[in-house]
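**Student:** below are the sequence and a predicted model; questions follow.
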Amino acid sequence: MARSGREGEERKLVLGKYELGRLLGQGTFAKVYYARDLSAAGTGGTGSSSSVAIKVIDKARLRRTEGMMEQLRREISIMRMVRHPNVVGIREVLASRSRVFVVMEYARGGELFAKVARGRLTEDHARRYFQQLVAAVGFCHRRGVAHRDLKPENLLLDEDGRLKVTDFGLAALPEQLRHDGLLHTQCGTPAYVAPEVLRKRGYDGARADLWSCGVVLYVLLCGFLPFQHDNYVKMYQKIFKADYQVPPWVSGDARRLIARLLVVDPAKRASIAEIMCTPWFRKGFVPPALSPPVTPPKKRLDAGDDDGGALFDTGGGDDDNSSSNSAGTTTSPRSCNAFQLISSMSSGFDLSGLFENEQKAATVFTARAPAATVVEKLESVARALGFEITRGKGWKVRMEAKAEGTNGRLAVTAEVLEVAVDVAVVEFAHDAGDALDFNKFCAVDVRPGLAEIVWAWQGDSPPAPAAAVGTA
């Protein structure tokens, strides 16, 4: 990270094309700074075009806390999935050896909480913010994302007063559902959490979000919380019974909408579609104009390097890079950029450690073959080792041992990520069975059979990358 500045002026930190400014806030693992995009400013960009917020995350501190690395990876993936006018946008992710830098849209207007703290809003103002909140939450739910921490502190305003949902650190994806199809992690802010979350019996994340939306609406219209008490146990008792009072200044239509959201039985709680059909919500509602899906950038084999780090990008835009035909056969593998390719070849270049499991040796290799060929070879080698094969969504192959191992039957999923026409990265994931059996599978068992297509295994000395990459 370089410093810049003129004589007599305070020297400022520069991260690549971003000049860092004042501290906006901080938490246990990260600090958020205001920054300017110098490339936008250099072309005459002002205001929102050059202003960004950069979350600076300490890798070492994250590694010391179990589950935090995966949580950050999930948060970044989710932010890429939910590109919407009423969601804080993510621009890019940079990394150095010690830190990760998440570059996000800057919301100049600050938290909606600051407005509510000064007193309740007029019904028209509350309606406008609530309409934008519901539009954003509905979009997230259609993408399979449950936010799980909706509250005014996580609702920002841009320079035009447009609401922006932020902080997806507790958000959940479908793969986090248990066998019963429900989420079980108890999380969120107590005063905004749905009763079914508190009961610890499993819950639907989307329906729990709608309860939180109801609490937010109540706060906007009333200026205080519907369920509050100095004693948490008594507050929870109120939540379990939906025991609240609506002040007389709230209109009848707004009361009825709140009553349809703050329903203890999640199955009877109003859905997004039902909310949008109510007279109170429909008044003056203009659906946000969604941007067209982001087209993934053309694959490039030159990774930039800022502060000794590199861009971490899973390649996704608004949509996943894999697609299937009607028969369920994959037609395109996930793409992988050059940073991931370099990371997979040599641990010396690996700055993505934050985003990987601690056990990394021999779990990733780079192949000099088309994705389809790699998948066929994986299947052939696995069958020869006595594994049952199942094709998964995208270019994934699940391999399960027929024989019992030390701790049950070993199951491994291999995913192929395309870098170029004849270059792919393969990642092995441990699904079931003993960890030692998994390590042996990756480091010893499959290597001989894959030798003819392997370019380099992660952690091994890489081949001459410049020549090889140049011809890919």
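**Tutor:** Okay, I see it. Numbering: from 1, shown residues only.
**Student:** from here on, contacts and neighbour counts on C-alpha atoms
**Tutor:** Noted.
**Student:** tell me the contacts of residue 378?
**Tutor:** Residue 378 is in contact with 397, 450, counting by Cα atoms under 8 Å, 6 or more residues apart in numbering.
**Student:** secondary structure element for it?
**Tutor:** helix 371-384 (DSSP states H and E).
**Student:** one more: residue 101?
**Tutor:** Counting by DSSP H and E, residue 101 is part of strand 99-105.
**Student:** how about residue 55?
**Tutor:** strand 51-58.
**Student:** can I get that strand in PDB, CA atoms only?
**Tutor:** C-alpha atoms of strand 51-58 as PDB (Å, rounded to 0.1, in the frame of the first residue of the first chain):
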ATOM      1  CA  SER A  51     -16.600   7.600  -3.900                       C
ATOM      2  CA  VAL A  52     -16.400   4.100  -2.500                       C
ATOM      3  CA  ALA A  53     -16.300   2.400   0.900                       C
ATOM      4  CA  ILE A  54     -13.500  -0.200   1.500                       C
ATOM      5  CA  LYS A  55     -13.800  -2.800   4.200                       C
ATOM      6  CA  VAL A  56     -10.300  -3.800   5.400                       C
ATOM      7  CA  ILE A  57     -10.300  -7.200   7.000                       C
ATOM      8  CA  ASP A  58      -7.400  -8.700   8.900                       C
END
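**Student:** any stretches of the stretch 251-400 of the chain with poor pLDDT?
**Tutor:** Residues of the stretch 251-400 of the chain meeting the criterion pLDDT under 70: 291-362.
**Student:** residue contacts, the residue nearest to residue 149 when sequence neighbours are not counted?
**Tutor:** Leaving out its chain neighbours, the residue that sits closest to residue 149 by Cα to Cα, 6 or more residues apart in numbering is residue 188, at 4.7 Å. Residues near residue 188 by Cα under 8 Å, 6+ apart: 148-150, 170.
**Student:** next one, pLDDT for residue 438 please.
**Tutor:** If you check residue 438, the pLDDT there is 84.
**Student:** sorry, back to before: out of the contacts of residue 188, which is nearest to residue 85?
**Tutor:** If you rank the contacts of residue 188 by distance to residue 85 using Cα to Cα, residue 150 comes first, at 16.9 Å.
**Student:** before we move on, back to that, and the two most separated of the contacts of residue 188?
**Tutor:** 150 and 170 (9.9 Å).
**Student:** the more surrounded of these two?
**Tutor:** Neighbours per residue (other Cα atoms under 10 Å) separate residue 150 from residue 170, with residue 150 holding more: 29 against 17.
**Student:** so that one makes contact with residue 192?
**Tutor:** Yes - using Cα atoms under 8 Å, residue 150 makes contact with residue 192 at a distance of 7.3 Å.
**Student:** need the residues touching each of those two.
**Tutor:** 212, 216.
**Student:** need the residues that contact the strand holding residue 101.
**Tutor:** With Cα under 8 Å, 6+ apart, strand 99-105 has contacts from 51-59, 88-95.
**Student:** next SSE after the helix holding residue 378?
**Tutor:** With DSSP H and E, the next secondary element past helix 371-384 is strand 387-392.
**Student:** buried subset of the contacts of strand 99-105?
**Tutor:** 51-59, 88-90, 93-95 (16 or more other Cα atoms under 10 Å).
**Student:** surely residue 159 meets residue 107?
**Tutor:** Yes - counting by Cα under 8 Å, residue 159 does reach residue 107; the two are 6.8 Å apart.
**Student:** of those two, who's got more company?
**Tutor:** The neighbour comparison of residue 159 against residue 107 (other Cα under 10 Å) goes to residue 107, with 25 against 13.
**Student:** tell me which residues touch that one, please.
**Tutor:** 88, 156-159, 164.
**Student:** can you report phi and psi for it?
**Tutor:** Dihedral pair for residue 107: phi -100, psi 100, per degrees, to the nearest 10.
**Student:** what's the pLDDT at it?
**Tutor:** Reported pLDDT for residue 107: 94.
**Student:** do residue 114 as well
**Tutor:** 92.
**Student:** could you report the neighbour count for it?
**Tutor:** Neighbour tally, residue 114, other Cα under 10 Å: 13.
**Student:** any idea which element it lies in?
**Tutor:** helix 112-117.
**Student:** buried residues in the strand holding residue 101, which are they?
**Tutor:** Neighbour-count burial for strand 99-105, with 16+ other Cα under 10 Å as criterion, is recorded at 99-105.
**Student:** also stretch 398-406?
**Tutor:** Per 16+ other Cα under 10 Å, stretch 398-406 contains these buried residues: 398-401.
**Student:** stretch 368-375 too?
**Tutor:** 368-372, 374-375.
**Student:** so what touches it?
**Tutor:** For stretch 368-375, using Cα under 8 Å, 6+ apart, the contacting residues are 333, 367, 395-397, 416-418, 421-424, 453-455.
**Student:** in the stretch 1-150 of the chain, which spans are helices?
**Tutor:** Under the criterion DSSP state H, counting those that start in this stretch, helices of the stretch 1-150 of the chain are mapped to 38-42, 59-63, 68-81, 112-117, 123-142.
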